[in-house]
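>>> I would like to see how this sequence folds:
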Amino acid sequence: MKKGKYIAGGVLIAIGAVFAFKGAMEGDQSVINVGIGGIFLGIIVLTFSTSDYVKYDAFKAMVLPYFQLCKGLINSLELKSKAVYIPAYGNLPEGGIFIPLHDNFDLDLAKLDENSFFITDVGREKEMGLFLAPLGKDLMKMYEEYSEMDFTNAGLHAVENASVVLKSLGLAANVVVEEKEEEIRVLVGGVKTKICSKTCEQVACPICSSVLLSIAKSLQELIVVESFKIEIEHGYVEITVRRIGGINKWM
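Numbers count the residues shown, from 1 in each chain. Okay, here's the model as predicted:
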């Protein structure tokens, strides 16, 4: 039974990685989404078909190919700005992540959809950048299912429901969210920090990405990453983000 589970999960992850890579090379967001779906379906197969928890090595094998692909694209395009997390809305029912070309950016959400990828066919350079499907969206759905609520406008307190799910998966111990005016501080404790780095400010792993997507959705506002502080010795990640306005402001 376990052997079959590992084979099925591994096949799904491999197929998903191939589709994600192919879609990225062709600039086809829909193919990338299929790939991400395959990867996370593989995660679910490995996680829930028995009572065993996901181990770190398995988790790394599942997400690292897409993670490295995104970082490679960012380096190739010489994008230096930090990520903007977009909550779900009409054009993007699952939200998304925008990495602008410049820190002083502009964004027209009316021009984005699920097939957006390289944002270059715009009138101004300030609107250019890279749009990524949200890597942590499937984890966020697990948080919503556990808490039996839609996070849309649910408030920041809803995000801490991620703690139980991440702990049950063996991926992190807890999530604490604190707000001070426009700034939000997130502490993810007991997270597997071996894949964390400074580049998480542009492409975060599914764990941190899922929490930030949950924040954006719970507030129905775009948030921009300010900093990632990774404390390997004590096993936590501290993330600071800033609220930059709701959907209507960026339409």
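
>>> Which parts of this protein belong to which domain?
2-76, 84-132, 137-250 (automatic domain parsing).

>>> gap between the closest residue to Leu101 other than its chain neighbours and Val203?
Distances taken as Cβ to Cβ, 6 or more residues apart in numbering place Met128 nearest to Leu101, at 4.3 Å, with adjacent residues excluded. Every residue, glycine included, has its C-beta placed from N, CA and C. If you measure Met128 against Val203 using Cβ to Cβ, to the nearest Å, the figure is 18 Å.

>>> OK, contacts around Glu125?
Glu125 is in contact with 101-102, counting by Cβ atoms under 8 Å, 6 or more residues apart in numbering.

>>> just for the stretch 101-250 of the chain, where's the confidence low?
Applying pLDDT under 70 to the stretch 101-250 of the chain flags residues 120-121, 192-198, 232-233.

>>> so where do the strands sit in it?
Ranges of strands within the stretch 101-250 of the chain are 118-119, 129-132, 174-180, 183-189, 221-231, 236-246, based on DSSP state E, counting those that start in this stretch.

>>> returning to what we had before: between Met128 and Val203, who's got more neighbours?
Val203 (24 against 18; other Cβ atoms under 10 Å).

>>> Leaving out chain neighbours, which residue sits closest to the more buried one?
In space, Val203 is closest to Cys70, 4.4 Å off (Cβ to Cβ, 6+ apart).

>>> One more: Ala88?
Gly95 (4.5 Å).

>>> from what I can see that neighbour touches Pro87, true?
Yes: between Gly95 and Pro87 there is a contact at 5.2 Å, judged by Cβ atoms under 8 Å.

>>> which residues touch the residue nearest to Leu107 when sequence neighbours are not counted?
The shortest distance from Leu107 to any non-neighbouring residue, by Cβ to Cβ, 6+ apart, is to Trp250 (5.3 Å). Residues near Trp250 by Cβ under 8 Å, 6+ apart: 107-109, 222.
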